[in-house]
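Chemist: Below are the sequence and a predicted model; questions follow.
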Amino acid sequence: MSALELIEVPTGTAARAVFTTRAGGVSEGGFTSLNLGNDRQDPDARIRENRARLCAELGIDPGRVCMGRQVHGAGVREVPDGDGGFLGHLRDWPDGDGMVTATPGVALAVLGADCLPVLLWRRDTHRVGAAHAGWRGLVAGVLEATARALGSPGEAGAAVGPGIGPCCYPVSGEVRDAFAGRFGAEVVVGEAVDLAAAARRALVAAGIPDEAVVTVGGCTACAPGRFYSYRRDGAGTGRQAGIVWAEAA
Ligand SMILES: [Zn+2]
């Protein structure tokens, strides 16, 4: 049994911001091994075991881990408290690519396999936020909306997790034009767009200080042993996650 490999970004606050990799789970085949997604091709029992292992490693209550049904939109949901679905029903979450909560101990989890998991926190309160940001969500404004819901962006920090890099993400001219129009020409790299650079632009445009935004980096498609990538592997691949919560004082 391999150990979990987690990427934790120091926040300097009570918030903890963690990104997962493929290592340390029980899923097999294209889902090997720490698949945290909800693809029905991976048996539910394995998904539950992976999620339980993650919670045990992090010392958090799976009954207080919340997710949203990710629809590549800009909707943000204020989460009052957990409902057990992380290990329970697995799938039937309310829509929401963005989530925020003010409740210490409530963890927000977003999934990705090329799309960016983005985690946010505030220095002055226990409020935290999380967003799933692919190209559609970025253009739709999911990060600005999540930062707005978090509040006081000047007091906020953010971590942009692993996603697909411009090395592996050629897109249509329409998408490139939408990115250039929204975030500036610098986020277009040849035939590709740079999701992480666009995410930073969006967060800074929302008022979060540039120096308070951390980009984890790495390209999911370039690292098959470490990350899931939908662009690389297509359907039948797993999902890594970003998870954020404030530890109770
Ligand atoms: Zn790459």
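Modeler: Received the coordinates, thanks. Numbering: from 1, shown residues only.
Chemist: Okay, buried residues for the longest helix belonging to the chain please.
Modeler: If you go by DSSP state H, the chain has its longest helix at helix 44-58. Neighbour counts over helix 44-58 (16 or more other CB atoms under 10 Å) mark 46-51, 53-55, 58 as buried. Where you see a C-beta, it was placed from the backbone N, CA and C, and this is true even at glycine.
Chemist: Please apply the same query to stretch 14-27.
Modeler: Using 16+ other CB under 10 Å as the test for burial, stretch 14-27 gives 14-22, 24-27.
Chemist: Repeat that for stretch 193-213.
Modeler: Buried residues in stretch 193-213, defined by neighbour count with 16+ other CB under 10 Å: 193-204, 206, 208, 212-213.
Chemist: Widest-spaced pair of these?
Modeler: Spanning the widest gap among the buried residues of stretch 193-213 are Val193 and Ala212, at 23.5 Å by CB to CB.
Chemist: Show me what the longest helix of the chain packs onto, helices and strands only.
Modeler: Applying 3 or more CB pairs under 8 Å, 6 or more residues apart in numbering; DSSP states H and E, one finds that helix 44-58 makes contact with strand 15-20, strand 240-246.
Chemist: closest to Cys115 out of these?
Modeler: strand 240-246 (10.2 Å).
Chemist: what lines up beside that closest one in the sheet?
Modeler: Using DSSP bridges, the strands paired with strand 240-246 are strand 15-20 (antiparallel), strand 107-112 (antiparallel).
Chemist: okay, those strands in TSV with distance to the ion next?
Modeler: Below are the strands paired with strand 240-246 laid out as TSV (distance: least, CB to the ion, whole Å):
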stretch	distance to the ion
strand 15-20	17
strand 107-112	15
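Chemist: how about the residues of this structure near the ion?
Modeler: 165, 167-168, 219, 221-222 (CB under 5 Å from the ion).
Chemist: what secondary structure does the residue positioned nearest the centre of the chain sit in?
Modeler: In the chain, the centroid-proximal residue (CA atoms, centre = their mean) is Pro117; its distance is 1.8 Å. With DSSP: H, G, I helix; E, B strand; the rest coil as the basis, Pro117 sits in strand.
Chemist: picking that back up, dump the strands paired with strand 240-246 into TSV; add mean pLDDT and distance to Ile243 as well.
Modeler: Converted to TSV, the strands paired with strand 240-246 look like this (pLDDT from 0 to 100; distance: least, CB to CB, whole Å):
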stretch	mean pLDDT	distance to Ile243
strand 15-20	98	5
strand 107-112	97	4
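Chemist: Please report the distance of Arg123 from the ion.
Modeler: 33 Å (CB to the ion, to the nearest Å).
Chemist: so that residue makes contact with Gly151?
Modeler: No. Using CB atoms under 8 Å, Arg123 is not in contact with Gly151; the gap is 12.0 Å.
Chemist: between the helix or strand where Ala158 lies and strand 15-20, how big is the angle?
Modeler: Ala158 belongs to strand 156-160 when assigned by DSSP states H and E. Using axes from the mean of the first three to the mean of the last three CA atoms, to 10 degrees, the direction of strand 156-160 lies 10 degrees away from that of strand 15-20.
Chemist: got the buried residues for strand 156-160?
Modeler: Buried residues in strand 156-160, defined by neighbour count with 16+ other CB under 10 Å: 156-160.
Chemist: Just flag the most distant two among those.
Modeler: Farthest apart among the buried residues of strand 156-160 - using CB to CB - are Ala156 and Val160, which lie 13.2 Å from each other.
Chemist: coming back round to it: just the buried residues of strand 156-160 now: which is nearest the ion?
Modeler: Closest approach between the buried residues of strand 156-160 and the ion, by CB to the ion: Val160, at 15.7 Å.
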